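1. Quick one, fold the following:
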Amino acid sequence: MFSEMIGWAVDEGADMLIGETFYYAEEAFKALEVMKKANLPTVLTISPMGENKMRDGMSVVDTCKELEQRGADVVGLNCFRGPATMLPFLKEIRKAVKCHVGALPIPYRTNEKFPTFFNLPDRDDCGCPSPHGRTFPTALDPHFCNRYEIGQFAKWSNILGIHILVFVVVLTQC
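-> Okay, the predicted model is just below:
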């Protein structure tokens with residue numbers, strides 16, 4: 001599957017390859033192995049779930065270190081986590097690797113109790129209508145970060161030397 005997707009990207013003249021949203025370290029390693037054969041710059045970002053580790057048990061930092069050792073040009077985290085629950089990992093990753101670090105948070109107010117946006121509870125029991133009985137995927141609006149929170153995340157990322165920032169907004173159709 002990776003070979004086919006990367007082949008399409010190369011055939012269409014891609015300048016770089018991005019692999020993202022990996023929950024399993026081994027899957028990220030396999031994707032990188034195939035990507036490196038294309039001789040293009042590679043970005044690999046992982047998405048640890050609420051357990052704060054990869055699904056196959058490897059730590060987030062060790063996964064990024066291993067991706068760097070295997071040749072990734074950029075490592076980091078993408079989506080699932082908001083600025084508050086992504087920044088602690090970014091600090092550790094930045095210390096552990098020499099390559100570029102990327103950060104692609106979702107602009108939601110995740111927290112230590114709810115580190116990903118998948119299970120954010122209804123704020124203050126507002127009783128907001130949601131056909132799913134939970135905020136994800138279509139009733140997340142009350143959890144949006146404001147411009148000042150996003151600005152502070154960008155400032156802290158810059159201080160850490162993380163200059164690849166993309167904010168991911170999830171849009172779903174009801």
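2. Please count neighbours and contacts with C-alpha atoms only from this point.
-> Noted.
3. and the residue nearest the centre of the chain, what are its bridge partners?
-> Compute the mean C-alpha point of the chain, and by C-alpha atoms, centre = their mean the closest residue is residue 78, 1.1 Å away. Beta-bridge partners recorded for residue 78 (DSSP bridges): residue 104.
4. Pull the contacting residues for it.
-> Contact analysis of residue 78 by C-alpha atoms under 8 Å, 6 or more residues apart in numbering lists 20, 21, 45, 46, 47, 102, 103, 104, 105, 106.
5. Low-confidence stretches in the protein?
-> For the chain, the stretches with pLDDT under 70 are 123-130, 133, 167-174.
6. which stretches of it form strands?
-> For the chain, applying DSSP state E gives strands covering 17-22, 42-46, 74-78, 100-104, 164-165.
7. quick one: the fourth one to strand 74-78, angle?
-> I take that to be strand 100-104. 20 degrees (axes from the mean of the first three to the mean of the last three C-alpha atoms, to 10 degrees).
8. try the first one
-> Between the axes of strand 17-22 and strand 74-78, defined by the same axes, to 10 degrees, the angle is 40 degrees.
9. List the pairing partners of strand 17-22 within its sheet, with orientation.
-> Applying DSSP bridges, strand 17-22 is found paired with strand 42-46 (parallel).
10. I'd like the C-alpha coordinates of the strand it pairs with written as CSV, please.
-> Extracted in CSV, the C-alpha atoms of strand 42-46 (Å, rounded to 0.1, in the frame of the first residue of the first chain):
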residue,chain,number,x,y,z
THR,A,42,10.6,12.8,4.4
VAL,A,43,8.3,14.0,7.1
LEU,A,44,6.9,11.4,9.6
THR,A,45,4.5,12.5,12.3
ILE,A,46,2.9,10.2,14.8
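11. list the buried ones in it?
-> 42, 43, 44, 45, 46 (16 or more other C-alpha atoms under 10 Å).
12. Just the closest of those residues to residue 164, please.
-> Proximity of these to residue 164 (C-alpha to C-alpha) peaks at residue 43, which lies at 10.4 Å.
13. what bridges to residue 165?
-> Beta-bridge pairing of residue 165 under DSSP bridges involves residue 103.
14. pretty sure it contacts residue 103?
-> Yes: Residue 165 lies in contact with residue 103 (C-alpha atoms under 8 Å); the separation is 5.0 Å.
15. Residue 48 is in contact with residue 59, isn't it?
-> No: in this structure, residue 48 is not within contact of residue 59 by C-alpha under 8 Å, at 9.0 Å.
16. quick one: which of the two has more around it?
-> residue 48 (25 against 15; other C-alpha atoms under 10 Å).
17. Neighbour count: residue 165 and residue 103, which is higher?
-> Neighbours were counted for residue 165 and for residue 103 using other C-alpha under 10 Å; residue 103 has more, 24 against 16.
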